[in-house]
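A.B. asks: Got a predicted structure plus its sequence, pasted below:
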Amino acid sequence: MIEEMVYTKVLLVGLDTGEEQDFDHSMEELKSLAEAAYKQVAGIIVQRMPAVNKAFYIGTGKVEEVREYAGQCGAQEIVFDNALSPSQVRNLGRELGLPVLDRTNLILDIFAIRAQTKEAKLQVETARLQYFLPRLVGMRENLSRQGGTTGGSLSNRGAGETKLELDRRKIEHRISELKKDLDEVAGARQTMRKKRSQSRIPKVALVGYTNAGKSTIMNRMVDLYGDKKDKTVLEKDMLFATLDTNVRCINPRTEENIPFFLSDTVGFINKLPHGLVKAFRSTLEEVRYADLLIHVVDFSDEHYRQQMEVTAETLKELEAGDIPQIVVYNKADKCDVADMPRVKGRQIYMAASEGCGIEELVELIKECVYADRVQASFLLPYDKGGIVSYFMENATVLEQEYRDEGVWIRVSCHKSDADKYGMYQKSAQ
């Protein structure tokens, strides 16, 4: 018999200073994040004031209200809709008498739940330890009070203070170990990336806000054009369903045989913790090295424009803001968009879950990544077998003949390669 999961009851707290573009939506998203972390929202409290309280984030009077309401609704944790400083976490924990989490902490919890591969687990553990390190004081404050010093003697350190220092050293040592392990994994990923680059096959990356439909698009492409050995990725209607960067070879069956590598990356979200971006940099670098980005947008979400802005800002942080893009307005079937799929330049309105627009998107991708591709014919002397091998590996050979003068081939190749070996170009005659 499977035991029913026990959800932790949480009270959500938000502070509206008027600076946020859509504060109410931010609180709705916090609720979704809490649910994604298997927490039950017992209540929500919001305060509106012009500035953050440096000591408690919210006003001192509001702290009392939060404590009373937490007792009434049976909350076991208090979750705040923004990053809290270590001192704010410490002060709030002391006043509220309950564990205090912020938005960063909540996202880290979700990532810890979702992490499946060794790399993802290493990345999440690194980010979590880096987050908790400056907050150890609050966690050990009770022990510090139990073993206070006398007469100001530095030699008579309290048990809590000693334990705090030991914890700090253990965490720093563990972070150092994790970074070494991550460097090894990153090295292996870099080797794989280098091999893909040498193949001259274009690299395309799916990016966008979490739960916009990136994994759905990848799975539909794999079903239609992927290698039979390729596996589909997890596809679920939840925040951060996929953490690992998956790469698949998509090969539309055409005369020219023009494949491309497609990668599915972790979704972005507003206020995505910097520590997570840093920890996941090795996997997110698939975005930086892409020839083309497919920016997937949940067109059915009324806040899709804000989500597009968040994605654009995150791409800038990853130094990928200047890579060419195709914008996919996904889930357009929920918005009564007529004549789907609809293609407008480098934009497409489609519904991936229904399989609507996948073929058109692939055609659009091919037009973009193979824009610099040309057809050319070469007559290569038999002592230039290395060039023949190069074209076999890095171009699409459409025709081939063995003649007295050498090997004649007609290929679809990069314009740079056609120019490089232009001295051997020769028509069919």
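C.D. replies: Done, it's in. Residues are numbered from 1 along each chain as shown.
A.B. asks: Would you mind identifying the next helix or strand past the element among helices and strands of the chain having the smallest mean pLDDT?
C.D. replies: Scoring the helices and strands of the chain by mean pLDDT, DSSP states H and E places helix 136-146 at the bottom, with a mean of 48. Using DSSP states H and E, the helix or strand that follows helix 136-146 towards the C-terminus is helix 159-198.
A.B. asks: Point out the other helices and strands that that next one packs with.
C.D. replies: For helix 159-198, the packing partners by 3 or more CB pairs under 8 Å, 6 or more residues apart in numbering; DSSP states H and E come out as helix 118-132, helix 136-146, helix 281-288. To be clear about C-beta, it is placed using only N, CA and C from the backbone, and glycine gets the same treatment.
A.B. asks: got the angle between it and helix 118-132?
C.D. replies: Per axes from the mean of the first three to the mean of the last three CA atoms, to 10 degrees, the angle that helix 159-198 makes with helix 118-132 is 140 degrees.
A.B. asks: I figured residue 325 hits residue 294, correct?
C.D. replies: Yes. In this structure, residue 325 is within contact of residue 294 by CB atoms under 8 Å, at 7.4 Å.
A.B. asks: Between those two, tell me which one has more neighbours.
C.D. replies: Neighbour totals were compared for residue 325 and residue 294, and residue 294 leads with 25 against 21 (other CB atoms under 10 Å).
A.B. asks: Correct me if wrong: the more buried one contacts residue 212.
C.D. replies: No. Look at residue 294 against residue 212 with CB under 8 Å: they stay out of range, at 10.6 Å.
A.B. asks: Can you say which helix or strand has the residue positioned nearest the centre of the chain in it?
C.D. replies: Centroid-nearest residue in the chain: residue 266, 2.4 Å away (criterion: CA atoms, centre = their mean). Using DSSP H and E, residue 266 sits in no helix or strand.
A.B. asks: For it, what are phi and psi?
C.D. replies: Torsion angles at residue 266 (phi, psi; degrees, to the nearest 10) stand at phi -60, psi 140.
A.B. asks: All the helices of the stretch 1-150 of the chain, residue numbers only.
C.D. replies: Here the stretch 1-150 of the chain has its helices, by DSSP state H, counting those that start in this stretch, at 23-36, 60-73, 86-96, 103-114, 118-132, 136-146.
A.B. asks: quick one: buried residues of the fourth one?
C.D. replies: Neighbour counts over helix 103-114 (16 or more other CB atoms under 10 Å) mark 103-112, 114 as buried.
A.B. asks: roughly how far out does it sit from the chain middle?
C.D. replies: 13 Å (CA atoms, centre = their mean, to the nearest Å).
A.B. asks: Poorly predicted segments of the stretch 1-150 of the chain, please.
C.D. replies: Applying pLDDT under 70 to the stretch 1-150 of the chain flags the ranges 1-5, 137-150.
A.B. asks: one more time with 80, if that's ok
C.D. replies: Counting by pLDDT under 80, the stretch 1-150 of the chain contains low-confidence residues at 1-6, 116-117, 135-150.
A.B. asks: Switch the helices of the stretch 1-150 of the chain over to CSV; also include distance to residue 306.
C.D. replies: Below are those laid out as CSV (distance: least, CB to CB, whole Å):
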stretch, distance to residue 306
helix 23-36, 7
helix 60-73, 27
helix 86-96, 26
helix 103-114, 16
helix 118-132, 25
helix 136-146, 33
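A.B. asks: Residue 312: which of those helices is closest?
C.D. replies: helix 23-36 (17.6 Å; CB to CB).
A.B. asks: Contacts for the closest one, please.
C.D. replies: Residues outside helix 23-36 that contact it (CB atoms under 8 Å, 6 or more residues apart in numbering) are 10, 12, 14, 16, 20, 41, 44, 46, 79, 81, 103, 106-107, 110, 238-240, 269-270, 303, 306.
A.B. asks: measure residue 307 to residue 25 for me?
C.D. replies: 10 Å (CB to CB, to the nearest Å).
A.B. asks: Looking at the buried residues of helix 103-114, spot the one nearest residue 411.
C.D. replies: residue 114 (43.9 Å).
A.B. asks: The closest one contacts residue 240, doesn't it?
C.D. replies: Yes. Taking contacts as CB under 8 Å, residue 114 lies within contact range of residue 240: 5.6 Å.
A.B. asks: Only the buried residues of the helix or strand in which residue 222 is found, if you could.
C.D. replies: Residue 222 belongs to helix 214-225 when assigned by DSSP H and E. Neighbour-count burial for helix 214-225, with 16+ other CB under 10 Å as criterion, is recorded at 214-222, 225.
A.B. asks: next one: stretch 299-306
C.D. replies: 299-301, 303-304, 306.
A.B. asks: go on, stretch 24-36?
C.D. replies: For stretch 24-36, by 16+ other CB under 10 Å, it's 25-27, 29-36.
A.B. asks: which helices and strands does the helix holding residue 222 pack with?
C.D. replies: strand 203-208, strand 246-250, strand 260-264, strand 292-298, strand 325-330, helix 358-369.
A.B. asks: same thing but at 7 Å, please
C.D. replies: strand 203-208, strand 246-250, strand 260-264, helix 358-369 (3 or more CB pairs under 7 Å, 6 or more residues apart in numbering; DSSP states H and E).
A.B. asks: Now the ones you listed in CSV, please, with extra columns for mean neighbour count.
C.D. replies: What follows is the helices and strands packed on helix 214-225, written out as CSV (neighbours: other CB atoms under 10 Å):
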stretch, mean neighbour count
strand 203-208, 25
strand 246-250, 20
strand 260-264, 24
helix 358-369, 18
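A.B. asks: any idea how the protein splits into domains?
C.D. replies: 8-114, 201-369, 373-424 (automatic domain parsing).
A.B. asks: Could you export the ones you listed as JSON lines, including distance to residue 181?
C.D. replies: Converted to JSON lines, the domains of the chain look like this (distance: least, CB to CB, whole Å):
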{"stretch": "domain 8-114", "distance to residue 181": "17"}
{"stretch": "domain 201-369", "distance to residue 181": "11"}
{"stretch": "domain 373-424", "distance to residue 181": "34"}
